[in-house]
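**Student:** Here is the input, now give the coordinates:
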Amino acid sequence: MTNSSPKLAVRFAAICACSIAAALIASCGGKNSAPTADGAVSAAAAGAHDDWKPKYSKEGELLLPEGFERWVYLGSPLTPQGLNNEQAPFPEFHNVYIQPEAYDAFLSAGAFPEGTILFKELQLTLERQFPDGSRVESSGRGYFPGERHGVDVSVKDSARCAETNNWCYYNFGHHAPPYEESAAAMPAEACAACHQANAATDMVFTQFYARLKR
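**Tutor:** Numbering: from 1, shown residues only. Sure thing, here's the model as predicted:
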């Protein structure tokens, strides 16, 4: 063995160690968890699987989506009773959320992908102090959110919802939580007809959600 043999052996061992480490990283990372420069999972990688899409029971009912609190918040339209002759069909705040994957797809392509969920949790206004339903709080006179009071969900699913422009609508209860675990699609006249007549983009009221204005 020459005097250079120990150096060559050390170099060879280092190369082997690097190769093994690279192989371990590749095998553990997988195509669905490719990190970005800041260590976060990229949106493209996160959307490579279908875990974010709606789930259905064996009877075909939509299961109550989980984790909506961590989705993208779109807005909270409000039509209070005091401004609608006490006959507002939806007098609560409508807190609307969308999955991050569907949100990214819409911003990229200008269209909602299959499996998009719009999760609407209703929230009552605090007790009125004036005939128009408003009250005074530290920020001034207005309408302020109170208790949670129900969940409505819309899903884009062309296979299940072809008769209602590829969207189905579900009611998981208009009451305080807990909500129903599953729900059947509502008839067209209950929701779809109004969305078809008034929604700005693909059965969605994008005119009320600044985050969806491209």
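**Student:** which residues of this protein fall in strands?
**Tutor:** All strands of the chain, identified by DSSP state E, fall at 62-63, 72-75, 93-98, 117-125, 135-137, 140-142, 145-156, 167-171, 182-183.
**Student:** out of those strands, which comes closest to residue 210?
**Tutor:** strand 72-75 (6.9 Å; Cβ to Cβ). Bear in mind the C-beta positions are built from the backbone N, C-alpha and C, glycine included.
**Student:** so what secondary structure elements neighbour the closest one?
**Tutor:** In terms of contacts (3 or more Cβ pairs under 8 Å, 6 or more residues apart in numbering; DSSP states H and E), strand 72-75 is packed against strand 93-98.
**Student:** re earlier: adding distance to residue 208 and mean neighbour count as columns, could you present the strands of the chain in CSV?
**Tutor:** Formatted as CSV, the strands of the chain follow (distance: least, Cβ to Cβ, whole Å; neighbours: other Cβ atoms under 10 Å):
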stretch, distance to residue 208, mean neighbour count
strand 62-63, 23, 18
strand 72-75, 6, 18
strand 93-98, 8, 22
strand 117-125, 12, 21
strand 135-137, 23, 13
strand 140-142, 18, 10
strand 145-156, 14, 19
strand 167-171, 16, 23
strand 182-183, 23, 18
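**Student:** how about these in TSV, adding mean pLDDT?
**Tutor:** Output for the strands of the chain, formatted as TSV (pLDDT from 0 to 100):
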stretch	mean pLDDT
strand 62-63	98
strand 72-75	98
strand 93-98	98
strand 117-125	97
strand 135-137	98
strand 140-142	98
strand 145-156	97
strand 167-171	98
strand 182-183	98
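**Student:** Run a quick neighbour tally on the residue nearest to residue 125 when sequence neighbours are not counted.
**Tutor:** In this structure, residue 125 finds its nearest non-sequential neighbour in residue 143, 5.0 Å apart by Cβ to Cβ, 6 or more residues apart in numbering. Residue 143 has 19 neighbours, counted by other Cβ atoms under 10 Å.
**Student:** follow-up on the earlier one: could you export the strands of the chain as a markdown table, including distance to residue 195?
**Tutor:** Formatted as a markdown table, the strands of the chain follow (distance: least, Cβ to Cβ, whole Å):
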| stretch | distance to residue 195 |
| --- | --- |
| strand 62-63 | 17 |
| strand 72-75 | 15 |
| strand 93-98 | 13 |
| strand 117-125 | 10 |
| strand 135-137 | 31 |
| strand 140-142 | 28 |
| strand 145-156 | 8 |
| strand 167-171 | 7 |
| strand 182-183 | 17 |
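**Student:** Which among these is found nearest to residue 106?
**Tutor:** Going by Cβ to Cβ, the one of the strands of the chain nearest residue 106 is strand 93-98, 7.9 Å.
**Student:** roughly how far is that closest one from the heart of the chain?
**Tutor:** Strand 93-98 has its C-alpha centroid displaced from the chain centroid by 9 Å (Cα atoms, centre = their mean, to the nearest Å).
**Student:** how far does stretch 105-125 stretch from start to finish?
**Tutor:** End-to-end distance for stretch 105-125: 33 Å, by Cα to Cα, to the nearest Å.
**Student:** mind starting the numbering at 3 from now?
**Tutor:** In the new count, where the first residue is 3, that last one comes out as stretch 107-127.
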